[in-house]
Each structure stands twice: as structure tokens, then as C-alpha cells.
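J.: what shape does this take:
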Amino acid sequence: MFNSKRYATLYQQKMDKSTPHMASSRLVKKEKKDLQRQTWRYLLLGIVLLLVFIFIIVPNLIRLFFAFIDKDTQLVETDTVPPQVPVLASTPVEATFSATLNLTGFAEADSMVVFLLNSVKSAEVKAAADGTFSHELALEDGANELAIFGIDGAGNESLKTRSYQIVRDSEAPILEIEEPKDGSVIELSKNRTTTIKGKTEPEARLLINDRLVFADKEGNFSTNYYLAEGKNQLKFIVTDKATNQTERVIEVEFRL
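T.: Here you go, the predicted model:
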């Protein structure tokens, strides 16, 4: 016969045995959640402390370090950049009769402009606050090779400019008139247009009664001239590259 009282007693005993296990499981889950929350809090706190250390503490430590060094050590900035290459306002003439040559140009403000003549230091002038400079260069007789460079306040030197070739020539050019001869008489209409030729300095400029003629690289010149009837005065003015001049006048008579 079924004994309900005995069955109830057995069921209660079984429940009593399982209850501690269920209670323990809930406790473990709660402790695990608490541990996770605590871990996230510590992690967040660690990140905050790391950011504070990187962006606040470290920069201040660096500033304090250099402030301490600056008490005993003065930092000096070193200029190692070369100044700009001086620039002449105009290209020097290739030849001149003058003993001096006036040069102007631009360089780094307050720098020294050094002039080299035939690879030897000729002069040194200081550029103004706006960079302008001027100098009257003394030339040697004959060929002169000019170059310029700059030196700034720190002693840095610029590159040199290109070399300029300048000839100082104070002698008047030669002038030899081969045809026609001074005082000659030319007759017949077929000879009315006569040939004028001669020799002077190479590539010199020649004016014959205001007619422009150029000598070639050997100094030879030649041109035709139409003579008027009677006496013809021919005036020659030759100018060389250094602007030295030689003048000469001859007379030629033409008869029909």
C-alpha cells in the first residue's frame, strides 16, 4: 500500500541535499560578476593613470630637467647656412680704358662681399642693411679675371659668382688705310665708286664719314664709297672695345 507520508519524507530529504549546491552556484556567479566589475574598474583606472603620466607628468619632468640645466648651461645656436651668392646689378664690360670699374649689386644683408681679381683678394666691402653694395674696383693693365663671393657674420662663405673677363686697354687703336691713298686722284666714271680698305684692331667699330663699318676678327675692314666730283674728304674714326679712339682724315680727288 502506498505510503504518502514516507514518500514526502524522502522527497524533502532529496531537496535538502540539492539546495546547498544551488545556493553555492548562485554565490559563485555573483562573486564572478563582482570580480569582473572590479577588474574593469582597475583597468580604467590604470588607463587614466597612464594618460596622466604621459601627457602631464612626463612633459613637466622634461621642462624641469631643462630648466635645471639652463641654470648652469647657456645654449648657443650655431649658424651653418651659407649666405646667398652676391649678384651684380649689371654684367661688367668686356674691355675699358679706365683704371677703375664701378660695381654695384645685392648680397645678404650686413654680409661681407669679397672681390677676387686674378684669383687674388682685391677688396672686401660690407653690404648694407638692405643688401645693396657698391665698390670701385682697381683694374690691372691687360686681362683681369673677376669673381665675387660673400661671408656672413658667422663666417659662412657663399659660392663664388661666375668669372668675368675684363680687359683694361688704354692705348688708342691702330688705323692703317691701304686704299685709297691720301692725296690720290681717281679718274673716269667707272672708278667713281672706289674701295676703301685697311686694318685696325680686331672687331673694332669704324665710322667713315658717318658710315658704320666693322673690322673682322683679324682687324681687316673694307667698304665701297661713292665719290663726288672734285675733292673728297674722308674722315675715319675707329673705336675699340675699350672705347679708345683714333681719328684720321685723308683727301681724295675725283675727275670725270
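J.: need the three-state assignment for the closest residue in space to Lys181 that isn't next to it in sequence.
T.: Closest residue to Lys181 apart from its sequence neighbours, by Cβ to Cβ, 6 or more residues apart in numbering: Ile250 at 7.7 Å. C-betas here are computed from N, CA, C, even on glycine. Recorded secondary structure, Ile250: strand (DSSP: H, G, I helix; E, B strand; the rest coil).
J.: which strand residues bridge Ile250?
T.: Per DSSP bridges, the residues bridged to Ile250 are Leu234.
J.: ok, it touching Tyr225?
T.: No - the pair Ile250 and Tyr225 does not pass the contact test of Cβ atoms under 8 Å, sitting 11.5 Å apart.
J.: is Thr193 in contact with Leu227, as I believe?
T.: Yes - the pair Thr193 / Leu227 is scored as a contact, 7.5 Å apart, by Cβ under 8 Å.
J.: who's more crowded, these two?
T.: A count of neighbours by other Cβ atoms under 10 Å puts Leu227 above the other of Thr193 and Leu227, at 18 against 11.
J.: mind listing what the more buried one touches?
T.: Residues in contact with Leu227 (Cβ atoms under 8 Å, 6 or more residues apart in numbering) are 186, 192-194, 252, 254.
J.: for those residues, work out which two are farthest apart.
T.: Using Cβ to Cβ, the contacts of Leu227 reach their maximum pairwise distance at Thr193 and Val252, which is 12.4 Å.
J.: ok but Glu176 is inside a helix, no?
T.: No - per three-state DSSP, Glu176 lies outside any helix segment and is strand.
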